[in-house]
Structure formats: C-alpha cells, structure tokens
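K.L.:
Structure, please.
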Amino acid sequence: MKLVYRILLHLLWVLTLLLAGWAALFYFTLIDEVNDEVDDALEARAEVIVKRVLAGRELPETSADGNTGYYLHEVSAEYAEGWAHERYTDEEIYIPERDDEEPARVLRQTFRDASGRWYELTVMTPSIEKEDLLEAIFYGILYLYLFLLLSVLLVTVVVVNRMMRPLYALLRWLDDYRIGRPNAPLVVETSVTEFRRLNDAAVRSAQRAESSFERQKQFIGNASHEMQTPLAVCRNRLEMLVDDPQQLSEEQLGEIAKVQHTLDYLVRLNRTLLLLSKIDNGQFPEVEEVDLGGLTRRTGEDLEEIYAYRGMRFVMEEQAPLRVRMNPSLAGSLVGNLIKNAFVHGAEGGEVRVRISARRFEVENSADAGPLDAAHIFDRFYQGTKKKGSTGLGLAIVDAVCRLYGLRIRYDFRQGLHCFTVDFPA
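P.N.:
From the prediction side, this is the model:
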C-alpha cells in the first residue's frame, strides 16, 4: 500500500471516531441546555401558582391545550412523602382536539398549605421533539463529516504528494539505476533533513556497489585470463609427452589422454564462465541487425556434421524472416547453445527441429527420458542427465542473454519432445 493511502486510511478512522464523539457530546449538551431553560420557566410558573395557593388568591387560568397549563389536586401525606418534592420528566401528552400525542416537559411539585393539607402541582409546557432533533443532528453531522472528510482527504493528497516528491524522485532514480552502466546523477532539491540524508545514503550505497562491481569484474577477468596460461602450458607438456610414445607405456598414454580430456573441459568451462560474467556485466554494448534465420541454418548444419555419429537430423522451418538488433556474438551464443543443447541431450537417431516466425524462435528435440525440471533448467551447472562434454552452462548463457535483451524464454514438454521457445518483443 502506498504511503499516501495509508495516511488517508488512518485519517479516515480517526476522523470517524472524533466526529462521532463530538456529535454525541454536542447532542447531550444541547438537550441539557434546552431542558435547563424549559425547567427554569416551569419552576418560575410553579412558584407563582404555589404562592397564590398559599395566599388564598385567585389562580391563573389554565390553557385549553393539552400539553400546556397546569393541574392542581390534593394528595395524601404518604404520597407526598414517597416522592421527591420536584420531579422533571419528558412525556407524551394526549391532545383530544388533535387526537394525537405531543411532547411536553412536565414539572410535578408537592407542597403543604397552612392547614397542613398536601397538594401536587403539575405544570406542563411544550417541548421539542428529541427524536426529530436527534435525526437532524445525525444528518447534520453526517453531511459535515462527508464534507470534512473529502476536504481533508483532498488537502492531504495534495500536501503529501507535494512533500513526497523528493522520495518519489529518489525511487525513480533507484529503479532506473543499473550497476556498471552510465547513470544519470541524483538531483533532488529538498529542504527536508530526512530526505537529504536518504539521498546521501542512496548515493553512497550506489558508489559502494559500483566499486564492488568493478573489483569483482576485474577479478573475474584477471583470474580467467591467468588460468588460461597454466592450462595451456599443461596441455602443451602433455602433448610433448604423447609425441614420444616410445618412453611411455600404453597405460601411461591412456592416463595422459584422460588428463588432456579433463584439461579441455577446464578450458571450456573457464571460457564459458568468463562469457557469462561479461554478459552479466553488460560488456557487449555493440548491437546490429542479425538475421537469425541465416545464423540458425549455418549453426545447425555445422552441428549436424559434428554429431553425425548419433544419427540425428536437423530440420529448419522458417515461416517468416526474424531479424533482431543485438550483439552478433551474443546472438550466436543464444542460437548455438539452444541447438547444441538439443543435439547433446536429444535421443540418438532423433530429430532437432527449429521453427522461426516473425517474433518467435523455437527449438524442439526428441527426448530419451521424461520432462526436465522447468524450475531449475536454466540454473547454472544444472543437468537433468549428465552428458559427456557438457559444462552445464549452455542454458544459463541462453537465459543471461535473454535477460540482457528483455526476451522471454520458456521450456515445455509436449508429445515426447523438449521444446524451448524464445519470444522477441514487437
């Protein structure tokens, strides 16, 4: 989840709780204030009536309305002592003229006259519809909440996006950054201390990565080249021993042949690892238009002659020309390793078939076993079945070339055939 959305989500539930609490407090405060004002008026009116009763004066006329006016009647001493002398209540008073009930605020007060008789005075006055008030407050708060929410969210989005521009610029720079290649400098103008420290840390980390990359690249290149010399010396000395067979027995010559074979494998392995390192390091910047059809035809015919002892046939189907812009050496590695892999790991007497279309390169070979492990087939040194002369790096080179040029390669096993497909972007 993006940072701005997380901020908005937290603001949403915080504002909901705050506004709900404020609405409840506002409602009860308003009702309490209204009741206080009404109660003061009822108390003043009741005081006038009680004074007139105690003085024996004429009482004021009561209103004809059902929810306003007063009632006075004598009660027993037990009744008066069982209740508080003043009680305020909210009631629904039935009005015969309207055949309906109306809300009223009611004061019931008991008092005793000079002769010791007890009276209960009931004074009423119209009151507000609290349910209607609650509904009005609810919708008012709801509209206010929606307005405040949209306003706060809009302001937050604008402010956060403006404040987070340096971070977004840094993220774009990190996404575009490629080790070992020319990269644009990080230029982010910001007055926020944390963002400046983050930018400095990113630049220092990139510099350390570049330094480590250069040291690694130099080490791999130097080690590979240094290994070539002693390997070549060993091969030459062994060849010199083989040239004078009179001093060696047949058993010794056989052992020397095995050592030569191992040295040849080491030489191939060393060259292949150096090629992989160069591909990963992006050391093939030159590109030109390459005709994969012609390259495939020449490679397939050469390999068919080399592996003629296995009785395998090479078939090429060129449905449409396939010309791509890439490094010619890497194009040769891509095509050569796929076709060679098909010859080496295909069934004897089988067929290697290459299909070329406008945007697809497909290699099929008959299988002498079941499907390969598609999850590890492109891992380095992975071999489903160990084959003589194979380094286990051919498909790793293919995968490295595809990643370098953004190509999509996949493996399928269908109808007893191993199938490798490379899709080229339009």
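
K.L.:
Could you give the number of residues near Ser333?
P.N.:
21 (other CB atoms under 10 Å). Quick note: C-beta positions are derived from backbone N, CA and C, even for glycine.

K.L.:
Then it would be within a helix, right?
P.N.:
Yes - under DSSP: H, G, I helix; E, B strand; the rest coil, Ser333 falls within a helix.

K.L.:
thought it was touching Ile397?
P.N.:
Yes - contact criterion CB atoms under 8 Å: Ser333 and Ile397 qualify, at 5.5 Å.

K.L.:
Residues that sit against both of the two, list them.
P.N.:
With contacts taken as CB atoms under 8 Å, 6 or more residues apart in numbering, Ser333 and Ile397 have Leu275 as neighbours in common.

K.L.:
which residues touch Phe138?
P.N.:
So Phe138 contacts Ala23 (CB under 8 Å, 6+ apart).

K.L.:
backbone phi and psi for it, please?
P.N.:
Phe138 has phi and psi values of phi -60, psi -50 when expressed as degrees, to the nearest 10.

K.L.:
so where's the stretch 51-200 of the chain uncertain?
P.N.:
Within the stretch 51-200 of the chain, the stretches with pLDDT under 70 are 62-68, 96-98, 128-131, 180.

K.L.:
could you show me where the helices are in it, in order?
P.N.:
Taking DSSP state H, counting those that start in this stretch to define them, one finds helices in the stretch 51-200 of the chain at 77-82, 130-163, 165-176, 193-243.

K.L.:
Which strands or helices does the helix or strand that the longest one is followed by pack on?
P.N.:
Looking back up the chat, that one is helix 193-243. Counting by DSSP states H and E, the next helix or strand C-terminal to helix 193-243 is helix 250-280. Counting contacts by 3 or more CB pairs under 8 Å, 6 or more residues apart in numbering; DSSP states H and E, helix 250-280 packs against helix 193-243, helix 394-405.

K.L.:
out of those helices, which comes closest to Val50?
P.N.:
Among these, the nearest to Val50 by CB to CB is helix 193-243 (73.1 Å).

K.L.:
before we move on, the earlier item: among the helices and strands packed on helix 250-280, which is the most enclosed?
P.N.:
Most buried of those by mean neighbour count (mean count of other CB atoms under 10 Å) is helix 394-405; its value is a mean of 20.

K.L.:
residues in contact with Glu86?
P.N.:
The neighbours of Glu86, taking CB under 8 Å, 6+ apart as the test, are Glu43, Leu107, Arg108, Gln109.

K.L.:
Of the residues you listed, grab the buried ones for PyMOL.
P.N.:
Buried residues among the contacts of Glu86 (16 or more other CB atoms under 10 Å), as a PyMOL selection:
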select buried, resi 107+108+109
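
K.L.:
so can I have JSON lines of the contacts of Glu86 showing distance to Ala369?
P.N.:
Formatted as JSON lines, the contacts of Glu86 follow (distance: CB to CB, whole Å):
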{"residue": "Glu43", "distance to Ala369": "103"}
{"residue": "Leu107", "distance to Ala369": "100"}
{"residue": "Arg108", "distance to Ala369": "101"}
{"residue": "Gln109", "distance to Ala369": "105"}
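
K.L.:
returning to what we had before: dump the helices and strands packed on helix 250-280 into CSV; add distance to Glu102 as well.
P.N.:
Shown next, in CSV, are these (distance: least, CB to CB, whole Å):
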stretch, distance to Glu102
helix 193-243, 64
helix 394-405, 82
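
K.L.:
weakest of those helices by average pLDDT?
P.N.:
Of all the helices and strands packed on helix 250-280, mean pLDDT reaches its minimum on helix 193-243 (a mean of 77).

K.L.:
how about this structure, which residue sits the furthest from its center?
P.N.:
Largest separation from the mean C-alpha position in the chain: Ser115, at 87.4 Å (CA atoms, centre = their mean).

K.L.:
Phi and psi next, for that one.
P.N.:
Per degrees, to the nearest 10, the backbone of Ser115 is at phi -80, psi 0.

K.L.:
Quick check: it vs Arg52, distance?
P.N.:
According to CB to CB, to the nearest Å, Ser115 and Arg52 sit 16 Å apart.

K.L.:
Can you list the residue ranges for strands in the stretch 301-426 of the chain?
P.N.:
313-318, 323-326, 351-356, 360-366, 408-414, 417-423 (DSSP state E, counting those that start in this stretch).

K.L.:
Please identify which pair of the contacts of Glu86 lies farthest apart.
P.N.:
Glu43 and Arg108 (11.9 Å).

K.L.:
According to the record, where do the domains of this protein fall?
P.N.:
3-151, 195-280, 288-423 (automatic domain parsing).

K.L.:
Looking at the helices and strands packed on helix 250-280, spot the one closest to Leu295.
P.N.:
helix 394-405 (13.3 Å).

K.L.:
now for the closest one, which elements pack on it?
P.N.:
helix 250-280, helix 328-345, strand 408-414, strand 417-423.

K.L.:
now it against helix 328-345, angle please.
P.N.:
150 degrees (axes from the mean of the first three to the mean of the last three CA atoms, to 10 degrees).

K.L.:
Output helix 394-405 as CSV, restricted to C-alpha atoms.
P.N.:
The C-alpha coordinates for helix 394-405 follow below in CSV (Å, rounded to 0.1, in the frame of the first residue of the first chain):
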residue,chain,number,x,y,z
GLY,A,394,24.7,-23.6,-22.0
LEU,A,395,21.1,-22.9,-21.0
ALA,A,396,22.4,-20.5,-18.3
ILE,A,397,24.1,-18.5,-21.1
VAL,A,398,20.9,-18.5,-23.0
ASP,A,399,19.0,-17.2,-20.0
ALA,A,400,21.6,-14.5,-19.4
VAL,A,401,21.3,-13.3,-23.0
CYS,A,402,17.5,-13.2,-22.8
ARG,A,403,17.6,-11.2,-19.6
LEU,A,404,20.0,-8.8,-21.0
TYR,A,405,17.8,-8.0,-24.0
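
K.L.:
ok and it relative to strand 408-414, angle-wise?
P.N.:
On the basis of the same axes, to 10 degrees, helix 394-405 is oriented at 140 degrees to strand 408-414.

K.L.:
quick one: helix 394-405 to helix 250-280, angle?
P.N.:
Helix 394-405 runs at 10 degrees relative to helix 250-280, counting by the same axes, to 10 degrees.

K.L.:
Tell me the spacing between the residue nearest to Ile137 when sequence neighbours are not counted and Asn35.
P.N.:
Among residues not flanking Ile137 along the chain, Tyr27 sits closest, at 5.2 Å (CB to CB, 6 or more residues apart in numbering). Here Tyr27 is placed at a distance of 12 Å from Asn35 (CB to CB).
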